[in-house]
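Q: my questions are about this predicted structure, shown below with the sequence.
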Amino acid sequence: MIQIYGVPGYGSTISELMLTLAGVRYSFINVDGYDKPGPAREQLEKLNPLCQVPTLVLENGTVMTESAAVALMLLDDHPELAPAPGTPERNRFLRLLVWMVANVYPTFTYADYPERWAPGAPAQLRESTGRYRETLYRWLEQQVEATPWMFGQDISLLDCYLPVMRRWTPHAAWFAQHTPKLNAIADAVCALPELQTVLRANRIL
């Protein structure tokens, strides 16, 4: 069984949702406190020296990190969870999947721990990255052309990002006001019966 090292409500939630949607069984190891010295950090550091969640240990012992990589791994056995290869929608899926982790994720890396990157102006860094994140979500809103999911009638692994990111800053009320299409997709993910247990365990519901 796959093991996921994560923290409830953190980025590991996205991988939990992806695995659950694909029907892949896993066990969850809570490493709350991994971002400061202590036993949790030491436990995670043995597997992933960067000490990031999620960190997955696959059934063959291989360590897998990065949510986009997890998505691509799952698509090998579950191709139905993305648009078909060779279609324009598949190209958009790949672009937005990488875009999400290359652009949105770093704003949390810097804003959540601003004292690491700008010890002389942590509040300013948190504020500026927060404003930039809002511009990213507004851009993503413009890329949504279909309903009820990002790419039309079939859910994709990319949709799993939205209820988790909506829980984070700038929070649900902002999404409802400024990015109603993203908000609607997040609501649709939250309504799926098969995801209820994971969503509740991660305080999304």
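A: That came through, no problem. Numbering: from 1, shown residues only.

Q: what residues of the top helix by length along the chain count as buried?
A: Longest helix of the chain, by residue count under DSSP state H: helix 122-143. Using 16 or more other Cβ atoms under 10 Å as the burial criterion, the residues of helix 122-143 that qualify are Pro122, Leu125, Arg126, Ser128, Thr129, Arg133, Glu134, Tyr137, Leu140. Any C-beta I mention is one placed from the backbone N, CA and C, and that applies to glycine too.

Q: again, but for stretch 165-183
A: Applying 16+ other Cβ under 10 Å to stretch 165-183 flags Met165, Arg166, Arg167, Trp168, Pro170, Phe175, Thr179, Lys181, Leu182, Asn183 as buried.

Q: check which helix or strand the closest residue in space to the last one that isn't next to it in sequence maps to.
A: Once its chain neighbours are removed from consideration, Asn183 has its nearest residue in Phe175; the separation is 4.4 Å (Cβ to Cβ, 6 or more residues apart in numbering). Secondary-structure assignment from DSSP states H and E places Phe175 in helix 171-178.

Q: contacts for the next helix-or-strand element following that helix?
A: Per DSSP H and E, the first helix or strand lying C-terminal to helix 171-178 is helix 180-190. Contacts to helix 180-190, defined as Cβ atoms under 8 Å, 6 or more residues apart in numbering, come from residues 17, 137, 140-141, 144, 147-150, 155, 159-160, 162-163, 166, 172, 175-176, 195, 199, 204-205.

Q: again, only this time at 10 Å
A: Helix 180-190 has contacts (Cβ atoms under 10 Å, 6 or more residues apart in numbering) with 17, 21, 137-138, 140-150, 155, 158-167, 172-177, 179, 195-196, 199, 204-205.

Q: ok, back up a step: helix 122-143 and the helix holding Phe175, what's the angle between them?
A: Orientation check (axes from the mean of the first three to the mean of the last three Cα atoms, to 10 degrees): helix 171-178 against helix 122-143 gives 50 degrees.
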